[in-house]
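*Asks:* Could you look at this predicted model? Sequence included:
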Amino acid sequence: MNQKKVAVLIPTYRPDTYLDRCLEALEQQTLDKSEYTVYVCLNGEEKPYREKIESWLASKSFQSVLLYSHKASVSAARNMLLEHFQEELLAFIDDDDVVSQNYLKNLRDVTDHNAMGISDIRSFKSSPDKSYIHPFSQVFKSISSEETSFLKARNFFSSPCGKMLSREMVGDIRFDETLKNGEDSLFMTMISNSIQKVKKAEEGTIYYIYERENSASRRKRGIRDRVQVCCYLYGKYIKLLGKKGYDTVFILSRFIVTMSTLIPEKSILRPSQWKKS
């Protein structure tokens, strides 16, 4: 049985009560509290947010560590978290998202030094009880319980959330702090050479994405900005082609995904158009 301890890494910027909701979901985990530590990195403005976070953490019984980065950057916050965690396994969670009670335990059961554990993905606007089926949920159901084709599981390499990684997978790879978009998929692609397979957690293990209208990931970007990001990422992916350990077909697929970011945002399928669970 896998008894490795888990680090939960949460970057947060100007947090509202949704962070406390996220922390409460971690308080309710079925995994014994001695087996995981929650690391929160506040980035950007420190006051009055530090006191709020300290109060929320004080009301929880799990082990926690609060860090601070003056740089208002989710990538800088994630990198600081990666420098400080001590456990063998890690799970990134965005501060406005929620996870099921069995999330940490079930992901730990399928994650090791070469297998990345993944969960089902849902989205919600008001409450996880009224969640929508996220497009990635369909992919989760379609792939094998132990998937070795990164092409089939490529959607799960677009974000560090909804999965569990090992310290060995991450190594000294860090998030690119020069990017404000595309840094997640770049990070996941760069660590893909240390992952041998993707393993699905038990059914009912769910990462709930809060579709918050004013979140940074949903801000509209101009075409010039999108083109610059696309070109930058292409340069990074070209350097990985033919590099030892990287799947060439998978890397080429990142070019197609990156190109899709140039599509006008109004054509992207919105949560309200997804089928309700």
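*Replies:* Yep, that arrived.
*Asks:* Strands of the stretch 101-250 of the chain, residue ranges please.
*Replies:* Remark: strands of the stretch 101-250 of the chain, listed N- to C-terminal, are 115-118, 120-124, 132-133, 146-147, 163-166, 197-200, 206-210; assignment by DSSP state E, counting those that start in this stretch.
*Asks:* Which of those sits closest to residue 104?
*Replies:* Residue 104 lies closest to strand 163-166 among these, at 7.9 Å (C-beta to C-beta). Any C-beta I mention is one placed from the backbone N, CA and C, and that applies to glycine too.
*Asks:* Which strands or helices does the closest one pack on?
*Replies:* strand 89-92, helix 103-110, strand 115-118 (3 or more C-beta pairs under 8 Å, 6 or more residues apart in numbering; DSSP states H and E).
*Asks:* What is the longest one packed up against?
*Replies:* Right, the one you point to is helix 103-110. Applying 3+ C-beta pairs under 8 Å, 6+ apart, we find helix 103-110 packed against strand 6-12, strand 89-92, strand 115-118, strand 163-166.
*Asks:* Same check on the first one?
*Replies:* Using 3+ C-beta pairs under 8 Å, 6+ apart as the contact criterion, the elements in contact with strand 89-92 are strand 6-12, helix 103-110, strand 163-166, helix 167-170.
*Asks:* repeat that with 7 Å
*Replies:* Packed against strand 89-92 by the contact rule (3 or more C-beta pairs under 7 Å, 6 or more residues apart in numbering; DSSP states H and E) you find strand 6-12, helix 103-110, strand 163-166.
*Asks:* What of the last one?
*Replies:* For strand 115-118, the contact count by 3+ C-beta pairs under 7 Å, 6+ apart identifies strand 163-166, strand 197-200 as packing neighbours.
*Asks:* what about it, distance to the chain center?
*Replies:* Relative to its chain's centre, strand 115-118 lies at 12 Å (C-alpha atoms, centre = their mean, to the nearest Å).
*Asks:* Identify all contacting residues around it.
*Replies:* Strand 115-118 has contacts (C-beta atoms under 7 Å, 6 or more residues apart in numbering) with 107, 110-111, 140, 156, 162-165, 169, 195-201.
*Asks:* State the paired neighbours of that strand in the sheet, together with their directions.
*Replies:* Here strand 115-118 has these sheet partners by DSSP bridges: strand 163-166 (antiparallel), strand 197-200 (parallel).
*Asks:* What average pLDDT does the last one get?
*Replies:* So that's strand 197-200. Model confidence over strand 197-200 averages 98 on the pLDDT scale.
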